[in-house]
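Asks: Compute the structure for the input listed below.
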Amino acid sequence: MTTWILRRLFQAIFVMLAMTVIVFIGVHVIGDPIEMLISPEADQAERARAVAALGLDKPLWQQYAYFLWGALHLDLGRSFVFNEPALQLILQRMPATMELAVTAVLMSVVFGIPLGLYAGLRPNSFSARTIMAGSILGFSLPTFWVGLMMIMVFAVQLGWLPSTGRGQTRELFGIPWSFLTRDGLAHMLMPAFNLAVGNIALVLRLTRAGVGENMHMDYVKFARAKGLSPTRVVFVHVMKNILIPIVTVVGLQFGAVFAFAVVTETVFAWPGMGKLIIDSINVLDRPVMVAYLMIIVFLFVFINLAVDLLYTVLDPRVRLESKE
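Replies: Alright, predicted model coming up:
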């Protein structure tokens, strides 16, 4: 087990190092931030001073070496626009995105698994067919359109929920959170559900497919022959076997929701990391762009490692293979 974990950590370090090269080079070949940051009426001397102040006069390999050395010391550069450490700017916005992503993933599990179980246990019923048809809509409808329709219906016409912003927050361990206040929860409900719609459909269909496949397995027939109740058969035996693909998808989708909440945060003016990266792209704030992408890469690597470790809890066969 220890050898397996060390091997995965080595792979994670290699992936992070490779991604630093790809991200750094990819960001630095896009546009010229000097054109965005100084006045068009500035002369060549002022432009040269700005280029030297930002370190853009050095060769690309030297800029990367400085970036890598700083990254090893948790210094991902200073924002061109805010003149603050890029990592600090992102960490200030991270709680807003984090609570939105966690809420969306919880919604996908809370709604997706029960609906998938029902559709899998009663596949020919009208309600199950309706649920599956709704899951197709969840996959097909664009996120920005769903968000705009939710604002139009629930905020503009009905007036039930606020349309934009994060609402009132309350600090916990020195960090402001929206879910700790009623107003914050009201502001968070629509963007979180908008972010969760596609994931609900995905978890629903995975659960339904897993239930439909496992209900005809020999171990289910044997459990029924022993006289176990249908509830125990489904929630103890069948659920243990269908959780592995669900855990995989939910884990990876958490990273995807966290990374690609840009559209939802833009539509609902949610002050998270997605809104920050959009603003940084508009002004070519390279340090913030690189820092954001590196944090997302680290998040995906960490989630993959956590999901693999969780496999050993859900499936004893994986645990035996890891020991070997």
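Asks: what are the phi and psi angles of residue 75?
Replies: Backbone torsions of residue 75, given as degrees, to the nearest 10, read phi -120, psi 110.
Asks: So for it, what pLDDT did the model give?
Replies: Listed pLDDT for residue 75 reads 76.
Asks: who touches it in this structure?
Replies: By Cβ atoms under 8 Å, 6 or more residues apart in numbering, residue 75 lies in contact with 85, 87. Just so you know, the C-beta spots here come from the backbone N, C-alpha and C atoms, and that holds for glycine as well.
Asks: Would you mark the buried spots in stretch 283-302?
Replies: 284-297, 300-301 (16 or more other Cβ atoms under 10 Å).
Asks: swap that for stretch 111-119, sorry
Replies: Here stretch 111-119 shows 111, 112, 113, 115, 116, 117, 118, 119 as buried, counting by 16+ other Cβ under 10 Å.
Asks: Now, the residues you listed that are in helices?
Replies: Judged by DSSP state H, the subset of the buried residues of stretch 111-119 located in helices is 111, 112, 113, 115, 116, 117, 118, 119.
Asks: returning to what we had before: max pairwise distance over the buried residues of stretch 111-119: which two?
Replies: 111 and 119 (12.2 Å; Cβ to Cβ).
Asks: Overlap of the contact sets of the two?
Replies: residue 204.
Asks: Contact partners for the most centrally placed residue in the chain?
Replies: Centroid check for the chain by Cα atoms, centre = their mean gives residue 258 as the closest residue, at 2.1 Å. By Cβ under 8 Å, 6+ apart, the contact set of residue 258 is 97, 98, 101, 296, 299.
Asks: switch the cut-off to 7 Å
Replies: 97, 101, 299 (Cβ atoms under 7 Å, 6 or more residues apart in numbering).
Asks: can you check residue 168 too?
Replies: Residue 168 touches 181, 183, 184, counting by Cβ under 7 Å, 6+ apart.
Asks: Which one (most neighbours) among those?
Replies: Counting neighbours by other Cβ atoms under 10 Å, residue 184 leads those with 21 neighbours.
Asks: where exactly do the strands run in the stretch 1-150 of the chain?
Replies: Counting by DSSP state E, counting those that start in this stretch, the stretch 1-150 of the chain has no strands to list.
Asks: so where's it uncertain?
Replies: 1, 4, 28-44, 46-47, 50-51, 53-57 (pLDDT under 70).
Asks: Helices of that one, residue ranges please.
Replies: 2-28, 33-37, 44-53, 60-72, 86-121, 126-140, 143-150 (DSSP state H, counting those that start in this stretch).
Asks: Which single one of the contacts of residue 258 is nearest to residue 216?
Replies: Using Cβ to Cβ, the contacts of residue 258 come closest to residue 216 at residue 101, 36.1 Å.
Asks: Next one: the closest one from residue 116, what distance?
Replies: Distance, residue 101 to residue 116, by Cβ to Cβ, to the nearest Å: 21 Å.
Asks: With residue 202 instead?
Replies: For residue 202, the distance to residue 116 - Cβ to Cβ - is 10 Å.
Asks: Next: residue 156.
Replies: Taken as Cβ to Cβ, the span from residue 156 to residue 116 is 33 Å.
Asks: And residue 184, by the same measure?
Replies: 30 Å.
Asks: go on, residue 154?
Replies: For residue 154 relative to residue 116 (Cβ to Cβ), the value is 26 Å.
Asks: is it true that residue 164 lies in a helix?
Replies: No - Residue 164 is assigned coil when assessed by DSSP: H, G, I helix; E, B strand; the rest coil, not a helix.
Asks: Next, it: phi, psi?
Replies: phi -140, psi 170.
Asks: where's it relative to residue 157, distance?
Replies: 16 Å.
Asks: Likewise for residue 125?
Replies: 33 Å.
Asks: who has more neighbours, the two?
Replies: Legend: neighbour count by other Cβ under 10 Å for residue 125 and residue 157, higher for residue 125 (12 against 9).
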